[in-house]
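Trainee: no letters, just coordinates:
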C-alpha cells in the first residue's frame, strides 16, 4: 500500500546568523554636495551640484517711483509758450461748439413750447404769494414680527 507522503513539519533553515555582504562606505567628506532642482513636473529632485544647471540670474529691481502727471517735454514746451497757442485754440474750439449747440436748440419748436409753459405757470405762483396746491403725504410703516410660525 502506497500511502501519500506527509508534508514535512520542519523547514530547512540555515542556523548560522545573517552576515551582510561587505559594501563600499562613502564618507561625507568624499561625497559631492547635493542640490534640489525642479524637474519637468514641478517636483523638487536631488541632483549632484556639479551636474545641476546654473542658477537663473536675478532680474534687476524695477523702478517704482511715481511718474510726473505731464510728460517733462510737454511741461518744457508749455513753459516756453509753445503750448499756450494750442490751449487757446482748444478753448476757442470748445466755445464755438457750445455756441453752435445753442443755436441748433433755438430752432426747435419743442424748446419754445416748454419755455412758454414754464413762463405761463411761474407768474401764477408768484402772484399767489407762493401758495400753490398742497399735497399731504402720509407714510406709515407697519412691521409685524412672527417668530416660528
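Mentor: Noted; the coordinates are in hand. Given the structure is predicted, the values throughout are model-derived calculations rather than measurements.
Trainee: can I take it that residue 46 is in a strand?
Mentor: Yes - note on residue 46: a strand contains this position according to DSSP: H, G, I helix; E, B strand; the rest coil.
Trainee: tell me how far it lies from residue 28.
Mentor: Relative to residue 28, residue 46 is positioned 15 Å away (CB to CB, to the nearest Å). Where you see a C-beta, it was placed from the backbone N, CA and C, and this is true even at glycine.
Trainee: next one: residue 71
Mentor: From residue 71 across to residue 28, the span is 63 Å (CB to CB).
Trainee: who has more neighbours out of these two?
Mentor: Between residue 71 and residue 28, residue 71 has the larger neighbour count (other CB atoms under 10 Å), namely 10 against 5.
Trainee: for that one, phi and psi?
Mentor: phi -60, psi 140 (degrees, to the nearest 10).
Trainee: how far away is it from residue 77?
Mentor: Distance of residue 71 to residue 77, given as CB to CB: 9 Å.
Trainee: again, but for residue 62
Mentor: Between residue 62 and residue 77 the computed distance is 29 Å (CB to CB).
Trainee: so these two - more neighbours on which side?
Mentor: For residue 62 and residue 77, the more surrounded residue by other CB under 10 Å is residue 77, and the numbers stand at 14 against 6.
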